[in-house]
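Peer 1: Below is the sequence, then the predicted model.
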Amino acid sequence: MRNRLPALGGMLVGAMILTGPAVAKDGPGVSDTEIRIGHTVPYSGPVSAYGSAGRAMAGYFKKINSEGGINGRQVNFLSLDDAYSPPKTVEQTRKLVEQDQVLLIFGTTGTPTNTATHRYLNSKQVPQLFIQTGASKFNDTAKYPWTTPLYPSYHLEQKIYAEYILKQRPNARIAAIYPNDDFGKDHLNGLKQALAAKGKTLVAEQSYETTDATVDSQIITLKGSGADVFVNISTPKFAAQAIRKATDIGWAPLQLIVNASSSISTVLAPAGLNNAEGIITAAFIKEPSDSVWAQDEDVRAYVAFLKKWDPQDPPDDVVGIMGYVAANTLHHVLQRAGKTPTRDSVMAVAKNLDAFRPPMLLPGLALTTTPQDVGAYRQLRLQRFNGQKWVLLD
């Protein structure tokens, strides 16, 4: 079966696997007994750390199926490896839509990968639902009515960083590193716009390709710029390299890192926990490693969920938590999309979330969407790494 992925040692990723597409009753992907959901994620390749989101999603729907499914139907969650390669994402997505006849595409990770299928899915009127990217282009309901992101806007995130930097260091000399792709460029543009609004500019910026071996030379160049603030807009492998290299060459700026690369287990630990002490990020989910949540009902349920349904991934992997949040949100939508959900009914619910709070969201945060604005997150909370765990600043 094509659902066998090396990241899981040959185990099937799908929450359930049948021999053929669901026999549609009122539309693709839905039968009397099944809802078929499509998903792609990089289980392999340079950003395979994002694969934990797919494993959390798959585990969540296995759990839901064991409890009776959604409105009497089992969820067949078909999760395929796209290796963070846009051409591969297109190939796998077309397979899911045209051969497997899924109801919708859900939770695909990455800006370049989602960009590659954006027009295709909208032209086919297939929901591109709760995708894991905060690029601003995905909140365009007039042009792309079948797309909804479920990740904080990169521009919102960078605005929060810019405000924090200038409050702490009004005369800051700011440098940034970013991947030369849609993810990196959208983050960078958001940072530049936020700084420009305050009359500031970057003193240096360096890009890298996700196929590069290291970012050592870029970090050396950024140190040479005289920057005393470093905004790390990198995917996990390169974020860890950047943190470690900065320490190795004696560069000690105020560091801020995008929340997509704030995982302790896959980024900060490989970088060296001592090297990561003091780094700032913008948060929206509870961190199981933070003792303040030790008795929290959401966190205890999540840790128990991992032990039974996704034992491969550690509780402090924020990417896995994001997958869990997304799966909870899709569950919420499918429960309310009618006795027999259709693509239209699913989109109607997804575009009208009213302060929905899935488990693991930080206090004070909720998901809200409208038909005109599908950016579900409206605020984030800053936190600092203390060498062992993330600690909220407010």
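Peer 2: Cool, got the structure. Residues are numbered from 1 along each chain as shown.
Peer 1: List the pairing partners of the least confident helix or strand in the chain by mean pLDDT within its sheet, with orientation.
Peer 2: When each helix and strand of the chain is scored by mean pLDDT, DSSP states H and E, strand 390-392 comes last, with a mean of 91. Strand 390-392 pairs in its sheet with strand 381-385 (antiparallel), by DSSP bridges.
Peer 1: what's next to stretch 131-144, contact-wise?
Peer 2: 50, 53, 107-111, 114-115, 118-119, 122, 128, 147-157, 182-183, 186, 190, 322-323, 326, 351, 371-375 (Cβ atoms under 8 Å, 6 or more residues apart in numbering). Yep, even glycine has a C-beta here, placed from its N, CA and C like the rest.
Peer 1: same question, stretch 83-95
Peer 2: So stretch 83-95 is contacted by 2, 38, 40, 42-48, 50, 80-82, 105, 108-110, 112-117, 120-121, 210 (Cβ under 8 Å, 6+ apart).
Peer 1: Now, of those, which are buried?
Peer 2: Buried by 16 or more other Cβ atoms under 10 Å: 38, 40, 42-48, 50, 80-82, 105, 108-110, 112-117, 121, 210, out of those.
Peer 1: Of the residues you listed, which belong to helices?
Peer 2: Using DSSP state H, the subset of the buried ones among the contacts of stretch 83-95 located in helices is 112-117, 121.
Peer 1: All the strands of the stretch 101-250 of the chain, residue numbers only.
Peer 2: Here the stretch 101-250 of the chain has its strands, by DSSP state E, counting those that start in this stretch, at 104-106, 128-131, 147-149, 174-179, 204-208, 229-232.
Peer 1: Quick check: the spatially closest residue to residue 380 that is not a sequence neighbour vs residue 194, distance?
Peer 2: The shortest distance from residue 380 to any non-neighbouring residue, by Cβ to Cβ, 6 or more residues apart in numbering, is to residue 282 (4.0 Å). Relative to residue 194, residue 282 is positioned 12 Å away (criterion: Cβ to Cβ, to the nearest Å).
Peer 1: okay, and the common contacts of those two?
Peer 2: Shared contacts of residue 282 and residue 194, defined by Cβ under 8 Å, 6+ apart, are found at residue 161.
Peer 1: so residue 80 makes contact with residue 37?
Peer 2: No - assessed by Cβ atoms under 8 Å, residue 80 is found out of contact with residue 37, at 11.7 Å.
Peer 1: residues of the one helix or strand the residue nearest to residue 380 maps to that come out buried?
Peer 2: Under the criterion of DSSP states H and E, residue 282 resides in strand 280-283. Of all the residues in strand 280-283, those buried under the rule 16+ other Cβ under 10 Å are 280-283.
Peer 1: Please apply the same query to stretch 173-182.
Peer 2: For stretch 173-182, using 16+ other Cβ under 10 Å, the buried residues are 174-179, 181-182.
Peer 1: re earlier: what's the closest of the ones in helices among the buried ones among the contacts of stretch 83-95 to residue 239?
Peer 2: Set against residue 239, the nearest of those by Cβ to Cβ is residue 112 (17.0 Å).
Peer 1: From residue 178, how far off is the closest one?
Peer 2: Distance from residue 112 to residue 178, by Cβ to Cβ: 13 Å.
Peer 1: next one: residue 198
Peer 2: 20 Å.
Peer 1: Determine which stretch of the strands of the stretch 101-250 of the chain is the most buried.
Peer 2: Comparing the strands of the stretch 101-250 of the chain by mean neighbour count (mean count of other Cβ atoms under 10 Å), strand 104-106 ranks first with a mean of 29.
Peer 1: quick one: strands adjacent to that strand?
Peer 2: Neighbouring strands of strand 104-106 in its sheet, by DSSP bridges, are strand 34-41 (parallel), strand 128-131 (parallel).
Peer 1: tell me the mean pLDDT for the last one?
Peer 2: If I follow you right, that is strand 128-131. On average, the pLDDT along strand 128-131 is 98.
Peer 1: what's the answer for the first one, then?
Peer 2: Computed over strand 34-41, the mean pLDDT rounds to 98.
Peer 1: Touching, residue 310 and residue 319? I think so.
Peer 2: No - applying Cβ under 8 Å as the test, residue 310 and residue 319 come out as separate, 11.8 Å apart.
Peer 1: what touches both of the two?
Peer 2: residue 52.
Peer 1: neighbour-wise, which of the two wins?
Peer 2: A direct count of neighbours by other Cβ atoms under 10 Å for residue 310 and residue 319 places residue 319 higher, at 29 against 24.
Peer 1: And the helices in the stretch 51-200 of the chain?
Peer 2: 51-66, 86-94, 111-123, 154-168, 182-196 (DSSP state H, counting those that start in this stretch).
Peer 1: Poorly predicted segments of this structure, please.
Peer 2: Applying pLDDT under 70 to the chain picks out residues 1-26.
Peer 1: domains of it?
Peer 2: Split into domains by the TED database, the chain comes to 30-152+295-379, 154-283.
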